[in-house]
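[1] sequence and predicted structure, then a few things I'm wondering about:
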Amino acid sequence: GENVEQHPSTLSVQEGDSAVIKCTYSDSASNYFPWYKQELGKGPQLIIDIRSNVGEKKDQRIAVTLNKTAKHFSLHITETQPEDSAVYFCAASIIGSARQLTFGSGTQLTVLP
Amino acid sequence: GAGVSQTPSNKVTEKGKYVELRCDPISGHTALYWYRQSLGQGPEFLIYFQGTGAADDSGLPNDRFFAVRPEGSVSTLKIQRTERGDSAVYLCASSGSASGSPDTQYFGPGTRLTVL
């Protein structure tokens, strides 16, 4: 089955700096890669996703890049703000199949004011 | 509804007891998923429903876990003879073309289960 690894497990940045979180996946059939933000005591909230037919997607301060050959994808957050502090999860699945998401182990992002 | 809702938000039970966790998906979503999240970990897949039937239950850890979705909307996750190792947050998600991409899973707030 699919295995997703995520790094780093913790990340601290100064407000206004950029943050990058990286994930690798094992199943070359995976073609859908969402990123979720989870705040304490809440469920994961989708922040951006990318399908394997594109290499990059951007939404305001958030961008995701995908390298299918190397089987890795990354989340980039620019101009970080204290409210970006949360746990971020990457995930992978196959569109149209059982669709179960396989999650990484999470990154605790802390944005220091 | 506006989002996925789960009840109860917290459940404390004793070892050996039976519990039921409820999930109300987003209205119109045909797919429903249950995940389990242990402290400091990412969610782990348990079971996936497409309509009323369980399309994939490969993530259920053993036969003490069972889930139903009799009318294709609300789902109940049932755990028999609970063990301390069952303590976790149980998350429900739904997806469907009614809210954009059919592959996007929207999560509820979860039920925190504590087995004493």
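    Great, that's in hand.
[2] in chain A, what residue comes closest to chain B?
    Taking C-beta to the nearest C-beta, chain B has its nearest neighbour within chain A at residue A:103, 3.2 Å off. C-beta coordinates here come from the backbone N, C-alpha and C atoms, glycine included.
[3] where does that residue land on pLDDT?
    Residue-level confidence at residue A:103 comes out at 97, pLDDT.
[4] give the bridge partners for it, please.
    On the basis of DSSP bridges, residue A:103 is bridged to residue A:91.
[5] my guess is it contacts residue B:42, does it?
    Yes - taking C-beta atoms under 8 Å as the contact criterion, residue A:103 and residue B:42 are neighbours in contact, 3.2 Å apart.
[6] what residues does chain B put near chain A?
    Counting by C-beta under 8 Å from any C-beta of the partner chain, the residues of chain B close to chain A are B:4, B:31, B:33, B:35, B:40-45, B:48, B:55-56, B:59, B:91, B:95, B:101, B:103-110.
[7] show the buried residues in those residues.
    B:4, B:31, B:33, B:35, B:42-45, B:48, B:55-56, B:59, B:91, B:95, B:103-110 (16 or more other C-beta atoms under 10 Å in any protein chain shown).
[8] got the residues of chain A near chain B?
    With C-beta under 8 Å from any C-beta as the criterion, chain A meets chain B at residues A:4, A:6, A:32, A:34, A:36, A:41-46, A:49, A:89, A:91, A:93, A:95-96, A:98-106.
[9] 6 Å - rerun?
    A:32, A:42-44, A:89, A:95, A:98, A:100, A:103-106 (C-beta under 6 Å from any C-beta of the partner chain).
[10] just the buried residues out of those, in PyMOL syntax.
    To isolate in PyMOL the members of the residues of chain A next to chain B that are buried, counting by 16+ other C-beta under 10 Å, one can use:
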select buried, chain A and resi 32+43+44+89+100+103+104+105+106
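[11] out of the residues of chain A next to chain B, which are inside strands?
    Counting by DSSP state E, the residues of chain A next to chain B place A:32, A:89, A:103 in strands.
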